[in-house]
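In: Below: sequence and its predicted model.
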Amino acid sequence: MSTQFHIPKTQKAAIVETTSAPLKVVDDHPVPQPEELAPGECLVELDCSGVCHTDLHARNGDWPIPAKLPLIGGHEGVGRIVAIGAHTQGSPVKLGERVGIKWLAYSCLDCEPCRKGLEQSCLNGKYSGFTVDGTFSQYVRSWVTHVTPIPENLDSAEAASILCAGITVYRAIKNSKTHIGDWIVLPGAGGGLGHLAVQYAVAMGLRVVAVDTGAEKKELCLKLGAEKFIDFKETKDLVKDIVAATDGFGAHAAVVTAANPSAYAQAVDYLRMGGVLMVVGLPARANLSADIFFTVIKSISILGSYVGNRQDAREALAIAAQGKVKCYYQTKPLSALAETYEGLAEGKIVGRIVLNMKE
């Protein structure tokens with residue numbers, strides 16, 4: 001489809017050539033041209049991109065499934081559509097529209113997982129910044145059926161992190177079998193996913209016990225509506241403190257967003273009878289262990305929750321657009337990506353980092 005937008009031949013991009021090589025930021029990476037787009041594809045000029053812990057795992061090759069190499073990472077991009085592939089039929093988005101690029105770049109919509117609403121687990125799925133190039137560049141190729149329209153009253157930098165972190169925790173909480181007034185424990189509550197989880201949980205009428213460490217994260221969690229904060233480095237008995245904080249019976253659910261296997265280890269112990277453990281955070285090469293006896297006796301449910309589908313994305317953005325969820329972020333240039341990865345690896349990032357693709 002023809003476009004009135006000027007599309008350059010080259011762009012700035014951050015490239016991972018190998019998992020052992022330093023991250024390389026270049027300014028001469030080719031930009032896909034409109035005539036190169038297949039039917040159903042679109043080209044998005046990015047304003048910004050969030051940085052996620054998943055990007056660090058992809059960069060380091062931490063997971064059992066390797067990312068493609070060389071790779072442009074990133075899957076939290078917001079920008080405008082500047083070209084749509086010729087012969088695209090019935091596009092739900094139009095030229096110039098502001099849209100978001102998510103982790104799920106493409107799903108076939110016809111395999112069994114897709115038909116059952118698990119598009120994110122599509123047997124033919126493509127994933128931004130993992131199996132296809134992502135949003136750490138000024139332009140990105142995507143699919144018209146899978147980019148997500150951004151509400152007009154939602155800032156692009158704020159929307160960026162909702163596209164992954166927000167969708168992920170929103171879906172996990174939505175599927176945690178909790179009801180208004182129930183207690184929910186959020187390990188990693190002061191981090192990128194966690195601070196959004198606190199807000200979605202509060203917006204859904206839940207009572208939040210935030211688990212993290214440090215004065216800055218404590219202040220943030222309580223400010224966002226958590227009723228209790230437990231510092232896992234200061235407590236002498238994490239399980240005892242959580243049970244005491246939740247009326248002496250334990251929490252109704254826990255959504256673990258921390259990318260640390262130890263965050264899962266005691267969850268069965270602090271959940272009450274019939275409690276639900278939502279497995280969200282993805283540590284590198286870790287196993288999930290739970291006491292089988294007490295999992296059975298307490299009727300505990302352990303559920304994996306993997307990002308979200310297209311409807312989850314729209315719902316999560318709508319809640320943010322209503323002002324009920326705000327992403328706390330710092331804006332940095334693309335050149336700061338390597339140092340951002342270092343901060344993520346050391347657990348020093350509070351909230352999110354959003355990269356300005358216009359700088």
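Out: Nice, thanks for sending it over. Numbering: from 1, shown residues only.

In: How is residue 160 assigned, secondary-structure-wise?
Out: Secondary structure, DSSP: H, G, I helix; E, B strand; the rest coil: residue 160 is helix.

In: Report the beta-bridge partners for the closest residue to it other than its chain neighbours.
Out: Spatial nearest neighbour of residue 160, chain neighbours left out: residue 50 (4.0 Å); criterion: Cβ to Cβ, 6 or more residues apart in numbering. (Glycine included, C-beta is placed from N, CA and C.) On the basis of DSSP bridges, residue 50 is bridged to residue 354.

In: Give me the below-cutoff pLDDT ranges for this protein.
Out: The chain contains residues with pLDDT under 70 at 1-3.

In: could you pull out the helices for it?
Out: All helices of the chain, identified by DSSP state H, fall at 53-60, 112-115, 156-161, 167-174, 192-203, 215-223, 238-245, 262-265, 267-270, 292-297, 310-321, 337-345.

In: wait, which of those helices is closest to residue 123?
Out: Residue 123 lies closest, by Cβ to Cβ, to one member of the helices of the chain: helix 112-115, at 6.4 Å.

In: Okay, buried residues for that closest one please.
Out: Across helix 112-115, burial judged by 16 or more other Cβ atoms under 10 Å covers 113-114.

In: thinking again about what came up before, for residue 163, see how far away the residue nearest to residue 160 is.
Out: 7 Å (Cβ to Cβ, to the nearest Å).

In: can I assume residue 355 is in contact with residue 338?
Out: No - judged on Cβ atoms under 8 Å, residue 355 makes no contact with residue 338 at a distance of 11.6 Å.

In: the more surrounded of the two?
Out: Between residue 355 and residue 338, counting by other Cβ atoms under 10 Å, residue 355 is the more crowded of the two (26 against 13).

In: show me what contacts residue 143?
Out: By Cβ atoms under 8 Å, 6 or more residues apart in numbering, residue 143 lies in contact with 40-42, 105-106.

In: let's see 10 Å
Out: Residue 143 makes contact with 38, 40-42, 85, 88, 91, 93, 101, 104-107, 126, 132, according to Cβ atoms under 10 Å, 6 or more residues apart in numbering.
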